[in-house]
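# curious how this folds, go ahead:
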Amino acid sequence: MGQTRAEQETIIRWDEAEQIVHVYSTSPKTWRRCARLGLEATKSHRFRDGEESGRFYRLPLAEFRWGLRSKRRGGGNAAALAAARERRQRVGTP
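Here you go, the predicted structure:
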C-alpha cells in the first residue's frame, strides 16, 4: 500500500506538567533518526496488509531539543552552545 512523501508526517507534542515528549511519525527518515538517538518505538501502527505505517516514541522533556537553522545565518552560535553544555554538566543536568 505505501505512503506518498506528502503523507509522511511527524507530530511532536508535550506539556510542562507531564515532562514527557510524545512523538508520532510515519516517516522512515524520522524512524532512522530516532534509532540513531537510541530511542525505541513504544507502539506502532500497521496497514491491513501488515506493512508498518507509523511509530510512537516517548522521551523525557529534559532530553528534547528543538530548533530551526537558517541557511543565511549558518549553524548558530557554537560558543554559546558549548557554554550551555558546560553549564548543564556542572549542574548535573543531561
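# could you pull out the strands in the chain for me?
Applying DSSP state E to the chain gives strands spanning 10-14, 20-25, 43-46, 52-60.
# quick one: the ones you listed as a markdown table, columns for mean neighbour count, distance to R90 and mean pLDDT too.
Backbone N, C-alpha and C define where each C-beta goes, glycine included. Supplementary listing: the strands of the chain in a markdown table, determined by neighbours: other Cβ atoms under 10 Å; distance: least, Cβ to Cβ, whole Å; pLDDT from 0 to 100:
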| stretch | mean neighbour count | distance to R90 | mean pLDDT |
| --- | --- | --- | --- |
| strand 10-14 | 14 | 26 | 93 |
| strand 20-25 | 17 | 24 | 94 |
| strand 43-46 | 10 | 37 | 89 |
| strand 52-60 | 16 | 20 | 92 |
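# any chance of those in a markdown table with distance to L81 as columns?
What follows is the strands of the chain, written out as a markdown table (distance: least, Cβ to Cβ, whole Å):
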| stretch | distance to L81 |
| --- | --- |
| strand 10-14 | 21 |
| strand 20-25 | 20 |
| strand 43-46 | 33 |
| strand 52-60 | 20 |
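# closest to A35 out of those?
Of all the strands of the chain, strand 52-60 sits nearest to A35, with 10.0 Å by Cβ to Cβ.
# how about the CA coordinates for the lowest-mean-pLDDT helix or strand in the chain, as PDB?
Scoring the helices and strands of the chain by mean pLDDT, DSSP states H and E places helix 78-91 at the bottom, with a mean of 83. Listed next in PDB are the C-alpha coordinates belonging to helix 78-91 (Å, rounded to 0.1, in the frame of the first residue of the first chain):
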ATOM      1  CA  ALA A  78      28.900  27.500  18.600                       C
ATOM      2  CA  ALA A  79      30.400  29.300  21.600                       C
ATOM      3  CA  ALA A  80      27.000  29.800  23.200                       C
ATOM      4  CA  LEU A  81      26.100  26.200  22.600                       C
ATOM      5  CA  ALA A  82      29.400  24.900  24.200                       C
ATOM      6  CA  ALA A  83      28.900  27.200  27.200                       C
ATOM      7  CA  ALA A  84      25.300  25.900  27.700                       C
ATOM      8  CA  ARG A  85      26.500  22.300  27.600                       C
ATOM      9  CA  GLU A  86      29.200  23.100  30.100                       C
ATOM     10  CA  ARG A  87      26.700  24.700  32.500                       C
ATOM     11  CA  ARG A  88      24.400  21.700  32.200                       C
ATOM     12  CA  GLN A  89      27.300  19.300  33.000                       C
ATOM     13  CA  ARG A  90      28.300  21.300  36.100                       C
ATOM     14  CA  VAL A  91      24.700  21.300  37.400                       C
END
